[in-house]
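**Q** this one's structure only:
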């Protein structure tokens, strides 16, 4: 057990500029974007400077680095003209996030997860599903230490169930005395879009995204023939070390691709009646957890900011099931 009274906590929190100033520029840039007909709310470089002014948080030397996400509004879900949209991504609706919050700059790493498992002695036995043929199969020998492909401690932790993810954020809350949690779907998508209204934060085409996202592409096709892939090389057949690819304009890395990320909400088949305040939707089928962002293994059409996946592969055991491409990105409340 960790003694909170004697625990050495390195709290690093920096603020450089006020959120209202950034929001004013977001509105101006939105108007300019609409005027010129761009699919992006603002350009990558323009928002990057705003992100740097918002600051970072790291509550301890083994805690994930977080970026601060400003309060604001966005349109959640797929646009009517998105040819790859699914029925669970509509209707598109406005969400107003009244307070800033923090989210992982990177996906939770294997090294960070190892610390949690070592301290808590969490049982991570039971195997992990791996897709070797057409359908995934449970391999009892696999797990977060060995998911069936090579990783080091800077790679995102995989073979993480929804229950594992929640146990981790609860532990992190206890040792830091801060409110760590899984992000809501709305918080996740707001951070993923980073001020953009296009299908992907870099634009429309998956073929242009290999410098931003590790998904199924020509690199992976070399090792796993038969994939439908993006027409570009990201350099990785499986997971990449976190931060290897370019961040979005809020400074969040790998938000599309690399590993699929758990969120807090219960599953609903569409957004009719969804919360408009950014909170987690706790109505619907709460036995089906939700993943966002897709992964290194996924078809390019799934690497979109609006894409969502209700994980119902094993019915009542969905929340305890571990998969070779499932991980997590933490969120934290800022008072």
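**A** Structure received. None of these values were measured; they are calculated from a predicted model.

**Q** how about stretch 174-191: buried residues?
**A** Using 16 or more other CB atoms under 10 Å as the test for burial, stretch 174-191 gives 175-176, 178, 180-191. Heads up, the C-betas are built off the backbone N, CA and C, glycines and all.

**Q** Could you grab the helix/strand/coil label for residue 211?
**A** In three-state terms, and counting by DSSP: H, G, I helix; E, B strand; the rest coil, residue 211 is coil.

**Q** what's the closest residue to it other than its chain neighbours sitting at in phi/psi?
**A** The shortest distance from residue 211 to any residue other than its chain neighbours is 5.3 Å, reached at residue 246 (CB to CB, 6 or more residues apart in numbering). Here is the backbone geometry of residue 246 (degrees, to the nearest 10): phi -70, psi 140.

**Q** okay, now residue 320: neighbour count?
**A** The tally of other residues near residue 320 (other CB atoms under 10 Å) stands at 13.

**Q** got a list of what it touches?
**A** Shown in contact with residue 320 (CB atoms under 8 Å, 6 or more residues apart in numbering): 161-163.

**Q** of all the residues you listed, which comes closest to residue 325?
**A** Residue 325 lies nearest to residue 161 out of the contacts of residue 320, by CB to CB, at 12.7 Å.

**Q** Confirm for me that that closest one is in contact with residue 319.
**A** Yes. Counting by CB atoms under 8 Å, residue 319 is a contact partner of residue 161 at 6.5 Å.

**Q** what about the residue nearest to residue 211, distance to residue 68?
**A** Using CB to CB, to the nearest Å, residue 246 is found at 19 Å from residue 68.

**Q** Which residue ranges of this protein form helices?
**A** 19-36, 44-52, 110-120, 162-176, 185-193, 218-223 (DSSP state H).

**Q** just the strands in the stretch 1-150 of the chain please.
**A** 12-13, 56-58, 66-69, 72-76, 93-97, 101-104, 128-131, 136-139 (DSSP state E, counting those that start in this stretch).

**Q** Point out the most buried one among these.
**A** Among those, strand 101-104 has the highest mean neighbour count (mean count of other CB atoms under 10 Å), at a mean of 25.

**Q** Contacts for that strand, please.
**A** With contact meaning CB under 8 Å, 6+ apart, strand 101-104 is reached by 57, 64-69, 183, 187-188, 191, 252, 329-334.

**Q** Would you pull up how far that strand lies from the middle of the chain?
**A** In this view, strand 101-104 has its centroid 11 Å away from the chain centroid, taken as CA atoms, centre = their mean, to the nearest Å.

**Q** strands paired with it, and their directions?
**A** If you go by DSSP bridges, strand 101-104 pairs up with strand 66-69 (antiparallel), strand 331-333 (antiparallel).

**Q** Would you convert those into JSON lines that also reports mean pLDDT and distance to residue 298?
**A** Converted to JSON lines, the strands paired with strand 101-104 look like this (pLDDT from 0 to 100; distance: least, CB to CB, whole Å):
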{"stretch": "strand 66-69", "mean pLDDT": "97", "distance to residue 298": "24"}
{"stretch": "strand 331-333", "mean pLDDT": "98", "distance to residue 298": "22"}
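
**Q** and the gap between residue 299 and residue 260?
**A** Relative to residue 260, residue 299 is positioned 13 Å away (CB to CB).

**Q** likewise residue 281?
**A** In terms of CB to CB, residue 281 sits 19 Å off from residue 260.

**Q** Of those two, which one has the most company?
**A** Neighbours per residue (other CB under 10 Å) separate residue 281 from residue 260, with residue 260 holding more: 26 against 20.

**Q** doesn't residue 329 make contact with the more buried one?
**A** No. Residue 260 is beyond contact range of residue 329, at 10.3 Å (criterion: CB under 8 Å).

**Q** coming back round to it: where among the helices of the chain is average confidence lowest?
**A** Looking at the helices of the chain, the lowest mean pLDDT belongs to helix 19-36 (a mean of 36).

**Q** show me the contacts for the nearest residue to residue 281 once chain neighbours are set aside.
**A** Spatial nearest neighbour of residue 281, excluding adjacent residues (CB to CB, 6+ apart): residue 265 at 4.5 Å. Counting by CB under 8 Å, 6+ apart, residue 265 makes contact with 184-185, 280-282, 284, 290.

**Q** Hmm, residue 200 is touching residue 206, no?
**A** Yes. Under the criterion of CB under 8 Å, residue 200 makes contact with residue 206 at 7.0 Å.

**Q** okay, and the common contacts of the two?
**A** Common contacts of residue 200 and residue 206 (CB under 8 Å, 6+ apart): residue 303.

**Q** Where does the prediction get shaky in the stretch 1-150 of the chain?
**A** Along the stretch 1-150 of the chain, segments meeting pLDDT under 70 span 1-53, 132-134.

**Q** how about a cut-off of 80?
**A** Along the stretch 1-150 of the chain, segments meeting pLDDT under 80 span 1-54, 131-135.

**Q** Kindly report the same for the stretch 151-300 of the chain.
**A** For the stretch 151-300 of the chain, applying pLDDT under 80 flags the ranges 206, 220-229, 235.
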